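>>> sequence and predicted model, in that order:
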Amino acid sequence: MHTIAIVGDFLFPFGSAAAARIRNLAIGCAEHGVKVSIFPMAQVEPPVGYDGLGPFLLERNIQWAYPQFSPGWSEGRPGWAPEGSVPGKLWWYRAVRHSAKAVVDYLRSAESINSSDVVLLYGRGWSRLEPVVRLCRERGARVFLDSVEILDRFDGFGGCASPIWWDWRLGTQRLPALVDGVTAISRPIEAWNISRGARRTLILPAIESWGCPPRSYPAECDKPFFVAYLGALTTKDDPETMLAAMRLLAEENVPVRLKIAGAYAKTAGGKRYIAKVNADPVLREVVIFSGYLADGERESWLASSDALILLRSDSLAEKHSFPTRLPESLRTGLPVITSDVGDMAWHLRDGVDAAVVPPGNPRALAAVLRGLAAKDDRGREMGLSGWFRGAERFDRRRHARAFLDFVDDCS
């Protein structure tokens, strides 16, 4: 039986899509009797709620620890290195290099990683991950890379003008050839890694736990059709197409309403779209901003919704990546509307498991919403089919078993 260590640039157990991916894979492996240790390398204090999942994870033989960095790595940003400036970017890169050395020193003395025969790396920074690869080789452990995104020239604390960007570029170009195998979140990411020397690959999409099918409630056809969006109104979610479709439906007097919830209030995109809706008398009548919702509030908010919308922009990055929110959306049992970008149409049958619309096409999106609103069941049959399709394609226990088999095949 394997002992696995997961190391990388992510928060844990909460904090981001990366945390959810690592958490689900760790729990899935533990469900197969594997001991898992997790070492986040993020340069921040442990997130709020750090201990909240402690008993749950420890009961499943999952341990984690934030390495104790040596003094100096987290010093306040000096006055000569303001954020966004060239000195500021160099200062941040220095902090990355400093923390990488501290992490490797910590891992050398960590009993759990020294006893691990498999190490999974998450991230793309060369300065952080290449020393861990060397440590794994010294210890005789097999090492794998989890690859979830490609690098475009605008990523990385200011794009290609930043040393962080070049560090990420070096990592994405060279790490695939150094490891024993690569798990890729999508087929395009798999092809990307093969082209950069990956010897063995496994597609490991976003994964979730799957329980019992959701309860079915009678459709309420005498009220407006409420479509729900959960997110930060970032460019990758294509808010322009979403709002343009809502405007078309409003002008036709189709009773569809868009509910928006999430951590959008402090993002640049969120502020921009709030202002856009408030300035448009047509959109003001059909778009509802619900703010950030806690878990209990989110459940009741979704219960009053008729569909979920999860669009993707037609950018290079989105064509390669995979939305981690898709399994969560399908698991609600609501009909899901998404874009035909990347692997979406490979996983989902359009009109059966979900509505898969052309990206950047508000008329096509409006037609789908109009059709769902007119159905007697308001898309409940599609939602249930999507739930079963999600259980088939994204169940964490099944994918954890596939990962463990992949590790064995790479021995």
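Cool, got the structure.
>>> ranges for the strands of the protein?
3-8, 35-40, 62-64, 118-122, 142-147, 181-184, 201-203, 225-230, 256-261, 287-291, 307-310, 336-339, 355-357 (DSSP state E).
>>> just give me the lowest mean pLDDT stretch among the ones you listed.
Among those, strand 62-64 carries the lowest mean pLDDT, a mean of 80.
>>> hey, which helix is longest across the chain?
Residue-count comparison of every helix in the chain, with assignments taken from DSSP state H, identifies helix 86-109 as the longest.
>>> run the chain-centre distance for stretch 364-382.
Averaging C-alpha coordinates over stretch 364-382 and over its chain gives two centres that are 27 Å apart (CA atoms, centre = their mean, to the nearest Å).
>>> can you list the residues that contact that stretch?
The contact list for stretch 364-382, computed with CB atoms under 8 Å, 6 or more residues apart in numbering, reads 216, 219-221, 225, 227, 241-242, 245-246, 248-249, 252, 254-256, 306-307, 311, 334-335, 337, 351-355, 357-358. Where C-beta positions appear, they are placed from N, C-alpha and C, glycine not excepted.
>>> how much space between the spatially closest residue to residue 387 that is not a sequence neighbour and residue 266?
Distance criterion CB to CB, 6 or more residues apart in numbering; nearest residue to residue 387, sequence neighbours excluded, is residue 333 at 4.9 Å. For residue 333, the distance to residue 266 under the criterion CB to CB, to the nearest Å works out to 31 Å.
>>> which one of these two is surrounded by more residues?
Remark: of residue 333 and residue 266, residue 333 carries more neighbours, 22 against 9, as counted by other CB atoms under 10 Å.
>>> hmm, back to that, give me the buried subset of the contacts of stretch 364-382.
Listed as buried from the contacts of stretch 364-382 are 225, 227, 241-242, 245-246, 248-249, 254-256, 306-307, 311, 334-335, 337, 353-355, 357; burial here means 16 or more other CB atoms under 10 Å.
>>> where does the stretch 51-200 of the chain have low pLDDT?
Within the stretch 51-200 of the chain, the set of residues satisfying pLDDT under 70 comprises 51-56, 58-59, 66-84, 86, 88-89, 92, 96, 99, 112-113, 152-159.
>>> kindly recompute the last result at 80.
For the stretch 51-200 of the chain, applying pLDDT under 80 flags the ranges 51-61, 64-103, 106-107, 109-114, 151-164.
>>> let me see the ranges of the helices in it.
Secondary structure of the stretch 51-200 of the chain (DSSP state H, counting those that start in this stretch): helices at 54-59, 86-109, 111-114, 126-139, 163-178, 187-195.
>>> can you put those in a markdown table and add distance to residue 395?
Shown next, in a markdown table, are the helices of the stretch 51-200 of the chain (distance: least, CB to CB, whole Å):
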| stretch | distance to residue 395 |
| --- | --- |
| helix 54-59 | 19 |
| helix 86-109 | 31 |
| helix 111-114 | 27 |
| helix 126-139 | 29 |
| helix 163-178 | 27 |
| helix 187-195 | 19 |
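>>> and the helices in the stretch 201-350 of the chain?
In chain order, the stretch 201-350 of the chain shows helices spanning 239-251, 268-278, 281-284, 295-303, 316-320, 325-331, 344-347, with DSSP H, counting those that start in this stretch as the criterion.
>>> chain center to the fifth one, what's the gap?
Think helix 316-320. The chain centroid and the centroid of helix 316-320 are separated by 13 Å, computed with CA atoms, centre = their mean.
>>> which parts of that helix are buried?
When neighbours are counted by 16+ other CB under 10 Å, the buried residues of helix 316-320 are found to be 317, 318, 319, 320.
>>> next, format those as TSV and append pLDDT and distance to residue 121.
TSV is the format used below for the buried residues of helix 316-320 (pLDDT from 0 to 100; distance: CB to CB, whole Å):
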residue	pLDDT	distance to residue 121
317	85	20
318	90	23
319	90	24
320	91	19
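>>> just those residues now: which is nearest residue 294?
residue 318 (28.6 Å; CB to CB).
>>> how does the chain divide up, domain by domain?
3-209+395-409, 225-393 (automatic domain parsing).
>>> isn't residue 231 right next to residue 264, touching?
Yes: here residue 231 reaches residue 264: they are 6.9 Å apart, a contact under CB atoms under 8 Å.
>>> between these two, point out the one with more neighbours.
Taking other CB under 10 Å, residue 231 and residue 264 do not tie; residue 264 has more neighbours (25 against 21).
>>> backbone phi and psi for that one, please?
Taking degrees, to the nearest 10, you get phi -90, psi -20 for the backbone angles of residue 264.
>>> tell me the contacts of the nearest residue to it once chain neighbours are set aside?
Leaving out its chain neighbours, the residue that sits closest to residue 264 by CB to CB, 6+ apart is residue 270, at 3.1 Å. Residue 270 makes contacts with 232, 233, 263, 264, as judged by CB under 8 Å, 6+ apart.
>>> one more time with 10 Å, if that's ok
Taking CB atoms under 10 Å, 6 or more residues apart in numbering as the definition of contact, the neighbours of residue 270 are 231, 232, 233, 234, 239, 260, 262, 263, 264, 289.
>>> same question, residue 281
Under the criterion of CB under 10 Å, 6+ apart, the neighbours of residue 281 are residue 250.
>>> on that earlier part again, can you list the strands of the chain in TSV and add distance to residue 401?
Output for the strands of the chain, formatted as TSV (distance: least, CB to CB, whole Å):
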stretch	distance to residue 401
strand 3-8	13
strand 35-40	14
strand 62-64	17
strand 118-122	15
strand 142-147	16
strand 181-184	13
strand 201-203	12
strand 225-230	29
strand 256-261	34
strand 287-291	38
strand 307-310	27
strand 336-339	26
strand 355-357	28
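>>> okay, now the unreliable bits of the stretch 201-350 of the chain?
Along the stretch 201-350 of the chain, segments meeting pLDDT under 80 span 213-222, 295.
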